[in-house]
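Engineer: Predicted model and sequence follow; I will ask about them next.
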Amino acid sequence: MKHNRVGKTLDRNASARRALLRGLATSVVLYENVNTTLAKAKAVRPFVERLITKGKAKSLVARRQLKAVLMSESAVNKVLEELGPRYATRPGGYTRIIKLGTRKGDGAEIAQIQLVK
């Protein structure tokens with residue numbers, strides 16, 4: 001049964017899914033927009049939103065929590081120094097997903113996840 005199961009598995013085991021989400025979140029933070037499949041964009045959205053909310057605190061605890069998740073030090077610095085102050089007064093909703101159509105090879109839905117300006 002599917003009781004108390006939250007989130008999509010993305011057809012991966014837990015460690016591969018965690019690595020995928022960490023990599024996508026790092027890319028979204030660094031480049032501010034990433035093209036990926038719709039399912040992956042929907043899965044990474046709450047992940048990125050939580051990271052930016054942690055970055056608004058700009059404390060040592062927040063830095064260590066971000067460092068445990070994001071794959072590069074430059075992404076951690078960007079969240080704390082740029083994105084945290086940018087969204088300081090915004091109560092959430094830091095990302096948007098735009099559907100781009102289907103991929104030619106396998107027909108997968110493609111979407112762009114980007115940070116709101």
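Structural biologist: Nice, I can see it. Numbers count the residues shown, from 1 in each chain.

Engineer: could I get the host helix or strand of Ile98 in CSV with only the CA atoms?
Structural biologist: Assigned by DSSP states H and E, Ile98 belongs to strand 95-102. What follows is strand 95-102, C-alpha atoms only, in CSV (Å, rounded to 0.1, in the frame of the first residue of the first chain):
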residue,chain,number,x,y,z
THR,A,95,10.9,29.1,-8.3
ARG,A,96,8.6,28.7,-11.3
ILE,A,97,8.2,25.8,-13.7
ILE,A,98,7.6,26.6,-17.4
LYS,A,99,6.6,23.7,-19.7
LEU,A,100,8.6,23.6,-23.0
GLY,A,101,7.0,20.7,-24.8
THR,A,102,8.2,17.2,-25.5
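
Engineer: helix/strand/coil for the closest residue to Val76 other than its chain neighbours?
Structural biologist: Sequence neighbours aside, Leu66 is the residue nearest to Val76 in space, at 4.7 Å (criterion: Cβ to Cβ, 6 or more residues apart in numbering). In this view, the C-beta of every residue, glycine as well, is placed from N, C-alpha and C. Classification of Leu66 using DSSP: H, G, I helix; E, B strand; the rest coil returns helix.

Engineer: again with Gly93
Structural biologist: coil.

Engineer: ok, it - how many residues close by?
Structural biologist: 10 (other Cβ atoms under 10 Å).
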